[in-house]
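Enquirer: Prediction below, plus the sequence it came from.
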Amino acid sequence: MRLLRPLVPVAFLAASLTGCMATESPAPTVREVVGIPSSQQVMLRYHDGRAEQAARADLARLSGIAGLVLEYVRPMSGQAHVMRFPSGTSAQEVEQAMQRLRTDPAIQYIESDRGVTRQ
């Protein structure tokens, strides 16, 4: 029993430091790991809930409204779609393009595709 007493404060200190270090820097999102800035990808849903093929067919029209070329990335659940602006596009340019796209009556919503991390 005497041998364990000195270890209790050390174990408590180690657990405390580990907890502090874990909260300082959150884990990177998948997009950050693969080098795709989250500000360049958007989630978009049409009012009519169109499928992937119809969303891909609408890319030229959407790009014209946005003033930037959009690339189709993948479908999402809930009939939404992930699309990407060209690499090197600034966050401000993306936000302006999203504002223009929000004026399109066919679009229900468009939001940045930001990673969600649990804490």
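Expert: Good, I have the coordinates. Residues are numbered from 1 along each chain as shown.
Enquirer: Just the CA trace of stretch 92-102, in CSV.
Expert: Output of stretch 92-102 as CSV, limited to C-alpha atoms (Å, rounded to 0.1, in the frame of the first residue of the first chain):
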residue,chain,number,x,y,z
GLN,A,92,-14.8,36.1,-49.7
GLU,A,93,-15.3,35.1,-53.3
VAL,A,94,-17.1,32.0,-52.2
GLU,A,95,-19.4,33.9,-49.9
GLN,A,96,-20.3,36.4,-52.7
ALA,A,97,-21.0,33.5,-55.1
MET,A,98,-23.2,31.8,-52.5
GLN,A,99,-25.1,35.1,-52.0
ARG,A,100,-25.8,35.2,-55.8
LEU,A,101,-26.9,31.5,-55.8
ARG,A,102,-29.3,32.2,-52.9
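Enquirer: I'd like the average pLDDT over that stretch.
Expert: Stretch 92-102 carries an average pLDDT of 95.
Enquirer: what stretches of this protein score poorly on pLDDT?
Expert: 1-39, 115-119 (pLDDT under 70).
Enquirer: where exactly do the strands run in it?
Expert: Taking DSSP state E as the criterion, the chain contains strands spanning 41-46, 71-75, 80-84, 107-112.
Enquirer: Go through these and name the closest to A54.
Expert: Closest of the strands of the chain to A54 is strand 41-46, at 8.0 Å (criterion: CB to CB). Quick note: C-beta positions are derived from backbone N, CA and C, even for glycine.
Enquirer: Please name every helix or strand in contact with that closest one.
Expert: strand 80-84, helix 91-102, strand 107-112 (3 or more CB pairs under 8 Å, 6 or more residues apart in numbering; DSSP states H and E).
Enquirer: how about the strands of the chain, which one is nearest Q53?
Expert: Using CB to CB as the measure, strand 71-75 is the one of those that comes nearest Q53, at 9.9 Å.
Enquirer: Run through the neighbouring helices and strands of the closest one.
Expert: The helices and strands touching strand 71-75, judged by 3+ CB pairs under 8 Å, 6+ apart, are helix 52-57, strand 80-84.
Enquirer: want to throw these into a markdown table with mean neighbour count and distance to A97?
Expert: Formatted as a markdown table, these follow (neighbours: other CB atoms under 10 Å; distance: least, CB to CB, whole Å):
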| stretch | mean neighbour count | distance to A97 |
| --- | --- | --- |
| helix 52-57 | 13 | 17 |
| strand 80-84 | 20 | 10 |
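Enquirer: Good, we can wrap up now.
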